[in-house]
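J.: sequence and predicted model, in that order:
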Amino acid sequence: MNILHRLIAGDYIDPATGKAIALPLKAAVISDDLRGSEADHLHALDLGHSFALVCDANTYAALGQRIEHALGDRAPLLLLPGTPKADIATVEHIRAASAHCDALVAVGGGTINDLCKYAAHLDGKPYAVFGTTPSMNGYASANAAIMVKRHKKSLPAQMPAGIFLDLGVLCAAPARLIRSGLGDSLCRPTAQADWLLSHLLFDTPYSDTPFLLLRDDEDALLENTAGLLKGDRDTMRCLARTLLLSGIGMVIAGGSYPASQGEHLLAHYIEMLHPAVSTHSYHGEQIGVTTLVMSELQKRMLSQMPTLHHREIDTQNIIDHFGSEIGAHCIEEMQKKWLSREAVDSLNARIMRDWENFAQQIDKVTRPTAALSAALKAIGAPYNHSDLQWPDAIYQRSRTHAHCIRDRFTFLDLEWWAAGSARKN
Ligand SMILES: [Zn+2]
């Protein structure tokens, strides 16, 4: 039985705790062809009598129509107009239009999944998802990325009761969405290195378990990346499983720690401060690029023992840079990971004593930057910031300020503290 089946069955023992991992997910099916079995899969979940089938025009054509046909009257179609956005107005529209249904069935990728995940959560209804793209790792996660006013927030929601991925449909997804899914998966080594760094320096919680789930597929994915755009179902299965297990890993970790660290901060910075620039590319395309940036930074910093210098939070600089609203949020986040003069001294002592050992442990979980960039190049994915149409000046600002936007201590922070008073925040 593979890992996914064991997790669903509740008999995967977490090596860190010795206890079986319990998830609310009842089914996760990755199939060569789901045609004809859609209704059986849904009915097995026992979600109630009627399901709102949530699609947009693209996902309806890719798969929704087939499911509508399979489910008949029990699944009234809720067709979202235009290109839906993951925002509160659309969540409210879905809630109102599905008020008479027992459950939601999302047909789509990141946006429709997030919308249904959050709408179902607010209404206390179950939901299931038929994925149409292998573009991101959010299918199984318990959070929904929703735009609230001008801020993209990761809001607590719920795992789906079932996730159904048809490899034929995923292989037929637009190339850019496939590249995006690879990009969002490639950050495993940089996210793990950042999370482990924080653990080694500050004894913050850390677990290998989310990464053990991904290990076998990662090798196969990196060896056969080119197959993703050639309809190679075995490689697509690896990607699909990686995306699901990455989402499950976040649920196990109780947060996005194993799949979102410095590389995500760089992309979130652009998304928050330069939304127009951010819209030129998909999330995973950005993460592929920022993963290479973090990988290089991590290798460079691991090669030489850093010395941290005491610094103050330059609140005026942060407000000037981010504006008063986002700036106030950044100051709050930075205060949570702030180091007093004494903390800097004791951290330097710890680094002096153990750096070689820390660097070895971290290096073991990484991959060569060249291997990551070769995977992106193998399928024509963006691999530097200009490919994403990020102007140099804006990219440079993300490098110096992205660490301000969240309380996680990553290699971006280590670089900043090691730079001392030479550079302004
Ligand atoms: Zn991501």
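T.: Good, I have the coordinates.
J.: pLDDT weak spots in the chain?
T.: Where the chain drops to pLDDT under 70, the residues are 1, 150, 420-425.
J.: and Leu78, that one's in a strand?
T.: Yes - secondary structure of Leu78, determined by DSSP: H, G, I helix; E, B strand; the rest coil: located in a strand.
J.: could you double-check that it sits in contact with Thr59?
T.: No - using Cβ atoms under 8 Å, Leu78 makes no contact with Thr59, being 11.5 Å away. Using the backbone N, CA and C atoms, a C-beta is placed for each residue, glycine as well.
J.: give me the more crowded residue out of those two.
T.: Relative neighbour count places Thr59 above the other of Leu78 and Thr59, with 26 against 21, counting by other Cβ atoms under 10 Å.
J.: C-alpha coordinates for stretch 338-358, CSV please?
T.: Once side chains and other backbone atoms are set aside, the C-alpha atoms of stretch 338-358 remain, and they are given as CSV (Å, rounded to 0.1, in the frame of the first residue of the first chain):
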residue,chain,number,x,y,z
TRP,A,338,13.6,39.9,17.3
LEU,A,339,17.0,39.2,19.0
SER,A,340,18.1,41.2,22.0
ARG,A,341,21.8,42.0,22.4
GLU,A,342,22.0,39.1,24.8
ALA,A,343,20.2,36.8,22.4
VAL,A,344,22.7,37.7,19.6
ASP,A,345,25.6,37.0,21.9
SER,A,346,24.3,33.6,23.0
LEU,A,347,23.4,32.7,19.4
ASN,A,348,26.9,33.6,18.3
ALA,A,349,28.3,31.4,21.0
ARG,A,350,26.1,28.5,19.8
ILE,A,351,27.1,29.1,16.2
MET,A,352,30.7,29.2,17.1
ARG,A,353,30.4,25.9,18.9
ASP,A,354,28.1,24.0,16.6
TRP,A,355,28.1,25.6,13.1
GLU,A,356,29.9,22.8,11.4
ASN,A,357,27.5,20.3,12.7
PHE,A,358,24.5,22.5,11.9
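J.: which residues sit against it?
T.: Stretch 338-358 is touched from outside by Leu197, Leu200, Leu201, Met305, Pro306, Thr307, Leu308, His309, His310, Ile313, Trp417, with contacts defined as Cβ atoms under 8 Å, 6 or more residues apart in numbering.
J.: now with 7 Å, please.
T.: Residues lying outside stretch 338-358 but in contact with it, judged by Cβ atoms under 7 Å, 6 or more residues apart in numbering, are Leu200, Leu201, Met305, Pro306, Thr307, Leu308, His310, Ile313.
J.: pick the one among those residues closest to Arg241.
T.: Distance to Arg241 across these (Cβ to Cβ) is lowest for Leu200, with 29.4 Å.
J.: what is the three-state secondary structure of Phe130?
T.: The assignment at Phe130 comes out as strand when based on three-state DSSP.
J.: whoops, Ala16 was the one
T.: In the three-state summary, Ala16 is assigned as coil, counting by three-state DSSP.
J.: so who does it touch?
T.: The neighbours of Ala16, taking Cβ under 7 Å, 6+ apart as the test, are Ser207, Asp208, Thr209.
J.: tell me the secondary structure for the first one?
T.: Remark: Ser207 carries the secondary structure label coil [criterion: three-state DSSP].
J.: among the contacts of Ala16, name the buried ones.
T.: Buried subset of the contacts of Ala16 (neighbour count, 16 or more other Cβ atoms under 10 Å): Ser207, Thr209.
J.: make a markdown table out of the contacts of Ala16 and add distance to Gly284.
T.: Conversion of the contacts of Ala16 to a markdown table gives the following (distance: Cβ to Cβ, whole Å):
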| residue | distance to Gly284 |
| --- | --- |
| Ser207 | 24 |
| Asp208 | 24 |
| Thr209 | 23 |
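J.: which one of the contacts of Ala16 is nearest Leu222?
T.: Distance to Leu222 across those (Cβ to Cβ) is lowest for Asp208, with 19.5 Å.
J.: what's the distance between that closest one and Thr190?
T.: When distance is defined by Cβ to Cβ, to the nearest Å, Asp208 is 16 Å away from Thr190.
J.: just to revisit the earlier point, just put the contacts of stretch 338-358 in JSON lines and tack on secondary structure and neighbour count.
T.: Output for the contacts of stretch 338-358, formatted as JSON lines (DSSP: H, G, I helix; E, B strand; the rest coil; neighbours: other Cβ atoms under 10 Å):
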{"residue": "Leu200", "secondary structure": "helix", "neighbour count": "19"}
{"residue": "Leu201", "secondary structure": "helix", "neighbour count": "18"}
{"residue": "Met305", "secondary structure": "coil", "neighbour count": "15"}
{"residue": "Pro306", "secondary structure": "coil", "neighbour count": "17"}
{"residue": "Thr307", "secondary structure": "coil", "neighbour count": "13"}
{"residue": "Leu308", "secondary structure": "coil", "neighbour count": "20"}
{"residue": "His310", "secondary structure": "coil", "neighbour count": "15"}
{"residue": "Ile313", "secondary structure": "coil", "neighbour count": "14"}
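J.: of all these, which two lie farthest apart?
T.: Taking every pair in those and measuring Cβ to Cβ, the maximum separation is 25.1 Å, between Met305 and Ile313.
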